[in-house]
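>>> Quick one, structure for this:
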Amino acid sequence: MEEHHTHEKKKVHEHHHEKHHPEHHKNSSHGKKPKGNKLDVWKIATLALLLLFVVSIFTSGFSFLKLSSKETVTQETLNFINTNLLQGQAVAELKASAEEDCLYSMELNVAGQELVSYVTKDGKLFFPQALETAAVEAQLAATQQQAQAQQPEITKSDKPKVELFIMSHCPYGTQAEKGIIPTVEALGDNIDFEIKFVDYAMHGEKEVLEQLNQYCIQKEQGDKFFTYLGCFLDKGESESCLTEAAIDSEKLASCTEKADEDFSIRANLEDESSWRSGRFPEFNTHAEDNQKYAVQGSPTLVINGEQVSSARSPAAYLTTICSAFNEAPEECQQELSTETYSPGFGYEAGAASAASCG
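Numbering: from 1, shown residues only. So this is what the prediction gives:
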């Protein structure tokens with residue numbers, strides 16, 4: 001438990017990025033001139049607009065702030081687009097306009113491309129394009145489902161073995177845990193399930209010590225593990241959750257002491273020369289399994305010994321895991337939530353995500 005540690009260790013800078021890429025690489029720019037591409041023209045215009053917004057902060061704003069009628073505002077906006085944004089690279093034509101709540105929509109033709117832009121009724125703010133959040137989320141979900149459909153068929157068994165590798169403070173790991181726990185509870189003894197830990201910690205001492213606690217609670221007080229974990233995933237802290245789950249503190253302390261010795265948990269935390277890439281301490285409670293399955297980030301789902309992709313809602317996990325049965329039990333017919341939880345702590349709904357820490 002956290003109360004047993006007498007001093008703090010140097011914290012590790014946290015990084016969250018896409019799986020398989022511990023470093024971000026930026027593409028170089030070769031300064032090529034636009035070749036009249038209709039998308040390039042609009043991108044250039046959008047960048048120019050951002051600069052103009054900065055200028056407007058220190059001035060009285062755009063010239064047509066006090067205009068009010070739809071015809072006047074949209075016409076002045078069209079003039080603004082052609083004069084300040086496109087600057088002769090293309091010509092925007094207004095095809096139609098309409099009133100939508102606090103905005104005017106403008107159907108534009110720019111270099112042969114049909115676009116819908118928006119301007120506030122006072123002419124103060126112009127939006128080159130708008131994204132519908134529901135449509136974006138639907139597209140993300142469809143992409144994930146397509147990727148899942150294209151992956152190789154999962155190896156089947158009578159009782160699937162399901163292993164979820166996470167880092168306790170990785171927001172995408174916690175997102176996966178929140179999604180999979182209802183599925184595991186629904187399937188019960190039909191599967192063998194275990195939370196395991198990625199063999200390095202990206203989130204400092206707090207993560208190392210939390211994972212040590214979780215390792216021991218799952219190992220020796222497994223009937224209380226989901227109660228504890230559900231609380232921790234909500235609150236993001238352990239002390240009150242240890243009490244809420246009625247964890248035997250003496251038993252936990254004894255286990256963490258032995259695990260610390262067996263896996264050199266604190267020794268690796270203190271020995272910065274041993275850190276992965278010079279930044280992340282080793283965490284070796286499941287080091288052999290990490291190597292066996294080529295785990296490279298949090299979360300990583302392994303079913304029947306193979307890495308498997310899945311969307312992160314309870315319903316999606318149910319579908320994924322149930323596809324690994326030789327003969328699916330009736331529990332696979334349950335209707336679970338299709339909602340994905342947000343990354344991080346708390347049980348708010350969030351968008352579909354395939355991101356990871358690693």
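
>>> Which strands border the helix or strand harbouring Leu94, and is each parallel or antiparallel?
Here Leu94 sits within strand 92-100, counting by DSSP states H and E. When sheet partners are counted by DSSP bridges, strand 92-100 sits next to strand 103-110 (antiparallel).

>>> Tell me the helix or strand right after the strand it pairs with.
Criterion used, DSSP H and E; the element after strand 103-110 is strand 113-120.

>>> elements contacting that next one?
Helices and strands touching strand 113-120, as assessed by 3 or more CB pairs under 8 Å, 6 or more residues apart in numbering; DSSP states H and E, comprise helix 38-57, helix 70-80, strand 103-110, strand 126-127. Using the backbone N, CA and C atoms, a C-beta is placed for each residue, glycine as well.

>>> Just the C-alpha atoms of it, please, in CSV.
Included here for strand 113-120 are C-alpha records, laid out as CSV according to Å, rounded to 0.1, in the frame of the first residue of the first chain:
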residue,chain,number,x,y,z
GLN,A,113,-15.3,21.2,-54.9
GLU,A,114,-18.6,21.6,-53.1
LEU,A,115,-18.2,22.7,-49.5
VAL,A,116,-20.4,23.9,-46.7
SER,A,117,-19.1,26.6,-44.4
TYR,A,118,-20.6,28.6,-41.6
VAL,A,119,-20.5,32.1,-40.3
THR,A,120,-22.1,33.6,-37.1
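
>>> Can you give the distance from it to the centre of its chain?
Its chain's C-alpha centre lies 30 Å from the corresponding centre of strand 113-120 when counted by CA atoms, centre = their mean, to the nearest Å.

>>> Buried residues in it, which are they?
The neighbour-count criterion (16 or more other CB atoms under 10 Å) identifies Leu115, Ser117, Tyr118, Val119 as the buried residues of strand 113-120.

>>> Just the strands from the protein, written as ranges.
Under the criterion DSSP state E, the chain carries strands at the ranges 92-100, 103-110, 113-120, 126-127, 161-166, 192-197, 300-303, 306-308, 340-341, 349-350.

>>> Quick one: closest of those strands to Asn213.
Nearest to Asn213, of all the strands of the chain, is strand 192-197, at 11.4 Å by CB to CB.

>>> partner strands of the closest one, parallel or antiparallel?
The sheet places strand 192-197 alongside strand 161-166 (parallel), with pairing taken from DSSP bridges.

>>> ok so, going back, the strands of the chain: lowest mean pLDDT?
Comparing mean pLDDT over the strands of the chain, the weakest stretch is strand 126-127, at a mean of 78.

>>> Give the other helices and strands that that strand contacts.
Using 3+ CB pairs under 8 Å, 6+ apart as the contact definition, the elements that strand 126-127 packs against are strand 113-120.

>>> residues making contact with the strand it packs on?
Contacts to strand 113-120, defined as CB atoms under 8 Å, 6 or more residues apart in numbering, come from residues 38-39, 42, 73-74, 77, 81, 95, 100, 102-109, 125-130.

>>> Could you give me the buried positions within stretch 97-107?
Ser97, Leu103, Tyr104, Ser105, Met106.
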